[in-house]
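Visitor: pasting the sequence and the predicted coordinates here, then a few questions.
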Amino acid sequence: QVQLAESGGGLVQAGESLRLSCAASGTIFRIDSMAWYRQAPGKQREYVAEIGSGGGTFYSDSVKGRFTISRDHANHTVNLQMDSLKPEDTAVYYCNAAVTVLDPYRYLEVWGQGTLVIVSS
């Protein structure tokens with residue numbers, strides 16, 4: 001079984017920064033893409049950023065230029081550096097990973113439990 005554990009959420013003021021981290025654990029053969037999503041109160045979950053196994057990165061327009069996603073392959077972790085935070089960034093942030101496991105060989109999409117980010121104005 002594979003699990004994702006997020007950390008780093010909290011309460012900050014507009015303009016400040018936060019760094020989220022997500023660590024994968026379990027019997028992992030390979031992790032392809034890793035991503036961050038978020039869900040604001042009363043809204044649907046939305047895509048934030050993604051990083052592929054080769055290091056290619058993708059961002060939603062709402063965070064492009066302010067957020068930076070990175071990963072550590074050896075430790076199965078992904079980070080999200082969030083700068084110039086805005087009140088509209090307030091949400092629960094979820095980590096997502098595309099994981100291949102062995103015995104039996106299968107492909108899983110795994111989600112973390114989420115970490116809350118609150119940005120006050």
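Guide: Good, I have the coordinates.
Visitor: chain neighbours aside, what residue packs nearest to the residue nearest the centre of the chain?
Guide: Closest to where the C-alpha atoms of the chain average out (C-alpha atoms, centre = their mean) is residue 36, at 2.9 Å. Leaving aside its sequence neighbours, residue 36 sits nearest to residue 48 (C-beta to C-beta, 6 or more residues apart in numbering; 4.3 Å). Where you see a C-beta, it was placed from the backbone N, CA and C, and this is true even at glycine.
Visitor: run through who's touching the host helix or strand of that neighbour.
Guide: Assigned by DSSP states H and E, residue 48 falls within strand 46-51. For strand 46-51, the surrounding residues in contact (C-beta atoms under 8 Å, 6 or more residues apart in numbering) are 33-39, 57-60, 63, 67, 69-71, 78, 80, 93.
Visitor: any chance you could map the strands in the chain?
Guide: Secondary structure of the chain (DSSP state E): strands at 2-7, 10-13, 18-26, 30-39, 46-51, 57-59, 67-72, 77-82, 91-101, 106-111, 115-120.
Visitor: can you add mean pLDDT and give those back as JSON lines?
Guide: What follows is the strands of the chain, written out as JSON lines (pLDDT from 0 to 100):
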{"stretch": "strand 2-7", "mean pLDDT": "96"}
{"stretch": "strand 10-13", "mean pLDDT": "98"}
{"stretch": "strand 18-26", "mean pLDDT": "97"}
{"stretch": "strand 30-39", "mean pLDDT": "96"}
{"stretch": "strand 46-51", "mean pLDDT": "98"}
{"stretch": "strand 57-59", "mean pLDDT": "98"}
{"stretch": "strand 67-72", "mean pLDDT": "97"}
{"stretch": "strand 77-82", "mean pLDDT": "98"}
{"stretch": "strand 91-101", "mean pLDDT": "97"}
{"stretch": "strand 106-111", "mean pLDDT": "95"}
{"stretch": "strand 115-120", "mean pLDDT": "98"}
